[in-house]
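Student: Build me a structure from this.
(one chain, ligands or ions: 1)
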Amino acid sequence: MAVEHQVVRTKSGHLAMLCTADGEVMHPGVGPLAEARDLYVVQSRLRDRLASADRRLTVFDVGLGAGSIALAARSIAEAGAPGSASLEIVSFERNLDALVVALEHPEAFGLEGEPGLAARKLIAEGRHTTARTDWRLAYGDVFEQLDRETARADIVYWDMYSPRKHPMFWTVAAFAQIRALAGPACTLFTYSASTASRIALLCAGWAVGLGTSIGEKWQTTAAAVRLEDLEQPLTIDWMRRLRRADVPLPADAPADFLARIEAMPQFHS
Ligand SMILES: C[S@@+](CC[C@H](N)C(=O)[O-])C[C@H]1O[C@@H](n2cnc3c(N)ncnc32)[C@H](O)[C@@H]1O
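Tutor: Just a heads-up that it's a prediction; the model follows:
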């Protein structure tokens, strides 16, 4: 397969992975290591959840790309305090090229030493297991892989290509598919703050809130099965703005999306 990825330096001066086929840069803002840590792993309170869990936790890493988010999550579990739960990471990906290229730049992508060995094993065998982490590759089209998946997610990191160029990853159907695999206290984090993505999440059955700001992005999105797991649920004022005629919608928004969202418990507290 032709190499479709290369490492580039972003405006902010960080090295990041460019997919030349799509023109999409992974973690373009503050760089892969900081974004993986702050937007995904810290925001999901992974360390606390592992410390208080009485069973193994499962993270869905969608998609794997250069591995920055999976590796950041894995490093928390590997460094876990005695008594912390172990972590299963299921990484969804159809092209391992970005991870292969990232391995040539181990410092920029957190792949020095043991994490690099783990990534090589994942590429070669589709799995790497230690006493604390079980990292598994779900290789192929994400929607086909989700159809086959039997694990239930405690945390979802939804890091697919942008809604502008790849709207199919940001539809009601996509978020309903992942919602069907969500455990009872599952939370989901994504960089998109678009109104259409949030409408898709709401219509798919998630409670939806503001996610942390990062770099120049003043908002991202957090979602949860249980409303009480959101730090900043979207408010009634946000919901009222959906009444405008020009509101951006996901491709498969139901005709009665507004009535459905208006009736949701999060807008009646
Ligand atoms: C934004 S990148 C993920 C970056 C990654 N989370 C990281 O930390 O490096 C999105 C990834 O989704 C993958 N992808 C795109 N379409 C896909 C599909 N239909 N099925 C599975 N993976 C897909 C791409 O190959 C790409 O690596």
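Student: Where does pLDDT dip in the stretch 51-200 of the chain?
Tutor: Within the stretch 51-200 of the chain, no range satisfies pLDDT under 70.
Student: Which parts of it are strands?
Tutor: 57-62, 87-93, 127-129, 133-139, 153-158, 182-190 (DSSP state E, counting those that start in this stretch).
Student: Nearest to the ligand, out of these?
Tutor: strand 87-93 (4.9 Å; Cβ to the nearest ligand atom). In short, each C-beta sits where N, CA and C put it, glycine included.
Student: Dump the strands of the stretch 51-200 of the chain to TSV, plus mean neighbour count.
Tutor: Output for the strands of the stretch 51-200 of the chain, formatted as TSV (neighbours: other Cβ atoms under 10 Å):
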stretch	mean neighbour count
strand 57-62	26
strand 87-93	24
strand 127-129	15
strand 133-139	21
strand 153-158	26
strand 182-190	20
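Student: Mind putting the ones you listed into CSV with distance to the ligand?
Tutor: Shown next, in CSV, are those (distance: least, Cβ to the nearest ligand atom, whole Å):
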stretch, distance to the ligand
strand 57-62, 7
strand 87-93, 5
strand 127-129, 16
strand 133-139, 8
strand 153-158, 7
strand 182-190, 10
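Student: between those, which gets nearest to residue 116?
Tutor: strand 127-129 (11.1 Å; Cβ to Cβ).
Student: picking up where we left off before, so can I have a markdown table of the strands of the stretch 51-200 of the chain showing distance to residue 198?
Tutor: Formatted as a markdown table, the strands of the stretch 51-200 of the chain follow (distance: least, Cβ to Cβ, whole Å):
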| stretch | distance to residue 198 |
| --- | --- |
| strand 57-62 | 17 |
| strand 87-93 | 22 |
| strand 127-129 | 34 |
| strand 133-139 | 26 |
| strand 153-158 | 12 |
| strand 182-190 | 10 |
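Student: quick one, what contacts residue 163?
Tutor: Listed by Cβ atoms under 8 Å, 6 or more residues apart in numbering, the contact set of residue 163 reads 169-170, 192, 194, 196-197.
Student: and the nearest residue to it once chain neighbours are set aside, how many residues sit next to it?
Tutor: Nearest non-adjacent residue to residue 163, counting by Cβ to Cβ, 6 or more residues apart in numbering: residue 170, 4.2 Å away. Neighbour count for residue 170, taken as other Cβ atoms under 10 Å: 25.
Student: wait, residue 170 sits on residue 197?
Tutor: Yes: at 4.6 Å, residue 170 counts as touching residue 197 under the criterion of Cβ atoms under 8 Å.
Student: Now the common contact residues for the two.
Tutor: Shared contacts of residue 170 and residue 197, counting by Cβ under 8 Å, 6+ apart, come down to 163, 250.
Student: Specify the beta-bridge partners of residue 18.
Tutor: Bridge pairing for residue 18 (DSSP bridges) gives the partners residue 6, residue 25.
Student: Roughly how far does it sit from residue 188?
Tutor: Distance of residue 18 to residue 188, computed by Cβ to Cβ, to the nearest Å: 26 Å.
Student: Ok, residue 92 next?
Tutor: From residue 92 over to residue 188 (counting by Cβ to Cβ), the distance is 13 Å.
Student: go on, residue 154?
Tutor: 11 Å.
Student: Within range of the ligand, give me the residues from the stretch 51-200 of the chain.
Tutor: For the stretch 51-200 of the chain, the residues in contact with the ligand (Cβ under 6 Å from any ligand atom) are 63-69, 92-95, 98, 141-142, 159-161.
Student: Setting the sequence-adjacent residues aside, check what's closest to residue 148.
Tutor: Nearest one to residue 148, counting by Cβ to Cβ, 6+ apart, is residue 138 at 7.8 Å.
Student: Test of understanding: give the bridge partners of that neighbour.
Tutor: residue 92.
Student: which residues touch it?
Tutor: 90-93, 145-146, 148-149.
Student: Tell me who's in contact with the closest residue to residue 225 other than its chain neighbours.
Tutor: Computed as Cβ to Cβ, 6+ apart, the closest residue to residue 225 that is not its neighbour in sequence is residue 186, at 4.9 Å. The contact partners of residue 186, by Cβ under 8 Å, 6+ apart, come to 152-156, 224-225.
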